[in-house]
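J.: turn this into a model:
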Amino acid sequence: MRRLHQLALGAAVVLLAAGCGGGGSGSKASDTPVGNAGSHSSSAASGGAPASSSGAASSSSSAPAAEAAVVVIKPATNTTNADPASQIQVSVANGKLTSVTAQLSGGDAVAGTLDPSGASWTSNNPVGVGHTYLVTAVAAGADGKQQTVTSQFSSAKPTNTFAGTYTPDNGTTFGIAQPVSITFDKPIADRAAVEKQLTVEANPPVAGSWHWFGAQRVDWRPQQYWAAGTKVTLHMRLDGVKSGSLYGKQNRDVTFTIGRALTATMDVNTHRMTVTSGGQTKTLLTSSGKPGFETWNGTMVVLEKQQDIHMDSNTVQIFGVNAYDIPHVYWDVRLTPSGTFVHGAPWNEGKFGKINGSHGCIGLSSSDAEWFFNAVIPGDPVTVVNSKDTVKADNGFGDWNLSWADWTAGSALH
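T.: Numbering: from 1, shown residues only. Down below sits the predicted model:
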């Protein structure tokens with residue numbers, strides 16, 4: 001968790017066969033239309049004076065000449081502080097666009113959409129923060145001639161920007177319950193604008209939705225657990241997206257893989273945890289939270305693993321007669337940021353499978369804790385049943401404790 005990255009806009013070039021032939025003349029575009037004014041000609045009536053009553057007046061005029069294409073590119077050429085939230089727009093009068101290419105200064109092509117009529121072209125994304133572009137548009141005019149227009153401009157570099165830290169990271173493997181999660185460094189005022197620029201692609205495809213936890217965190221999950229082997233890609237297109245007074249500055253594509261399927265279910269009444277993977281089930285004897293310190297009910301997701309940690313009850317606000325300070329606790333699998341672990345608890349030997357005697361963690365014998373530690377990976381679900389309070393959805397990845405209706409209601413676009 002993770003890196004901040006800034007990438008260029010995705011590549012695409014709109015190129016159509018020319019609708020009319022003929023030689024072209026080139027000119028540079030500004031906000032001022034570019035093209036030749038239409039010309040008109042006419043001839044005087046025959047004779048210089050009115051005809052007699054017996055004569056007939058005659059006159060003739062020629063039809064107006066066809067007009068040249070007039071191409072406008074915005075932002076205008078030589079602009080140095082274009083609004084990062086603006087898009088590149090190309091339009092033509094008296095003709096049809098036959099090709100538009102837009103490039104970043106590094107050479108990356110900019111994706112855009114040509115209107116079916118050929119009257120306009122618009123970039124798919126904002127110009128973003130601190131980029132330089134070269135745009136070339138070619139149009140065929142009603143006069144049969146070709147116009148080529150260019151614009152080179154730069155976007156502004158505002159300091160009031162936002163960025164997101166995401167998980168999972170690129171190239172990683174996670175369990176079947178892992179959401180895509182982004183935490184922003186500043187509160188997001190326009191969540192809908194930001195959410196529109198965040199997409200998740202899965203292979204095989206799966207239905208899913210974003211859900212906001214306050215103004216700085218948004219998660220995406222499918223309706224059901226991922227299928228093993230799914231390839232998941234997060235597309236972030238936030239460069240130039242405006243939220244209140246802030247501008248996004250990130251474009252990123254992040255791909256991770258869903259590993260083998262593993263689920264764990266712990267029953268506080270039977271003091272047993274069943275772990276299922278690959279068609280095999282193993283049962284572990286447990287000692288979970290004692291009265292007053294009950295283990296969270298519901299589904300939690302493995303966040304991280306550490307072989308040895310120092311556990312001090314002060315860090316979880318437990319003091320007095322229930323306080324503890326254990327320098328070495330082994331085979332630690334974290335389930336929540338608030339301090340819920342599955343770990344070895346040799347001091348509770350004799351309670352496993354019989355009595356709940358912990359301060360909220362799921363305690364195992366040293367050998368079972370080592371086995372569990374080696375079996376699970378981040379993203380695996382651990383579900384606790386028959387306990388009291390359900391873990392909050394934003395305590396780690398308690399996302400799965402919300403119904404699908406409640407989950408989708410948390411999207412800014414629903």
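
J.: which helix is the longest one in the chain?
T.: Scanning the chain for the longest helix, with DSSP state H as the assignment, gives helix 366-375.

J.: that one packs against which elements?
T.: Packing contacts for helix 366-375, counted by 3 or more C-beta pairs under 8 Å, 6 or more residues apart in numbering; DSSP states H and E, involve strand 272-277, strand 280-285, strand 325-334, strand 341-344. (C-beta placed from N, C-alpha, C; glycine too.)

J.: how far does the helix or strand just after it sit from its chain's centre?
T.: Later in the chain than helix 366-375, the nearest helix or strand by DSSP states H and E is strand 381-385. Relative to the chain's own centre, strand 381-385 is displaced by 29 Å; criterion: C-alpha atoms, centre = their mean, to the nearest Å.

J.: confirm that Ala192 sits in a helix.
T.: Yes: read with DSSP: H, G, I helix; E, B strand; the rest coil, Ala192 is one of the residues of a helix.

J.: would you agree it is in contact with Leu413?
T.: Yes: counting by C-beta atoms under 8 Å, Leu413 is a contact partner of Ala192 at 5.8 Å.

J.: one step back: out of the helices and strands packed on helix 366-375, which one sits most buried?
T.: Using mean count of other C-beta atoms under 10 Å, the stretch among these with the largest mean neighbour count is strand 341-344, at a mean of 25.

J.: average pLDDT for that one?
T.: This predicted structure assigns strand 341-344 an average pLDDT of 97.

J.: next: stretch 214-234.
T.: Averaged across stretch 214-234, pLDDT comes to 98.

J.: CA-only coordinates of that stretch, as CSV, when you get a sec.
T.: This file holds the C-alpha atoms of stretch 214-234, laid out as CSV (Å, rounded to 0.1, in the frame of the first residue of the first chain):
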residue,chain,number,x,y,z
GLY,A,214,-16.8,8.6,4.1
ALA,A,215,-15.1,11.1,1.9
GLN,A,216,-11.6,9.5,1.6
ARG,A,217,-12.1,5.8,1.1
VAL,A,218,-13.9,3.8,-1.7
ASP,A,219,-14.0,0.0,-2.1
TRP,A,220,-15.1,-2.1,-5.0
ARG,A,221,-16.2,-5.7,-4.6
PRO,A,222,-18.2,-8.3,-6.6
GLN,A,223,-21.6,-9.4,-5.3
GLN,A,224,-20.1,-12.8,-4.4
TYR,A,225,-16.5,-13.9,-3.7
TRP,A,226,-14.2,-13.9,-6.7
ALA,A,227,-13.7,-17.1,-8.6
ALA,A,228,-10.2,-18.6,-8.2
GLY,A,229,-7.9,-17.6,-11.0
THR,A,230,-9.7,-14.3,-11.8
LYS,A,231,-7.6,-11.6,-13.3
VAL,A,232,-8.7,-8.2,-12.0
THR,A,233,-7.6,-4.8,-13.3
LEU,A,234,-8.2,-1.4,-11.7
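
J.: which residues in the protein form helices?
T.: Taking DSSP H as the test, the helices found in the chain are 191-195, 366-375, 404-409.

J.: what distance do you get for the residue sitting nearest the centre point of the chain to Leu234?
T.: Closest to where the C-alpha atoms of the chain average out (C-alpha atoms, centre = their mean) is Leu198, at 2.4 Å. Computed with C-beta to C-beta, to the nearest Å, the distance linking Leu198 and Leu234 is 7 Å.

J.: skipping adjacent residues, who's closest to Ala85 in space?
T.: Computed as C-beta to C-beta, 6 or more residues apart in numbering, the closest residue to Ala85 that is not its neighbour in sequence is Lys242, at 4.1 Å.

J.: quick one: low-confidence ranges for the stretch 51-200 of the chain?
T.: Low-confidence segments of the stretch 51-200 of the chain, defined by pLDDT under 70, span residues 51-63.

J.: can you give me the strands for it?
T.: Ranges of strands within the stretch 51-200 of the chain are 70-74, 89-93, 95-104, 112-114, 120-123, 132-141, 146-154, 161-162, 164-167, 173-174, 180-184, 198-203, based on DSSP state E, counting those that start in this stretch.
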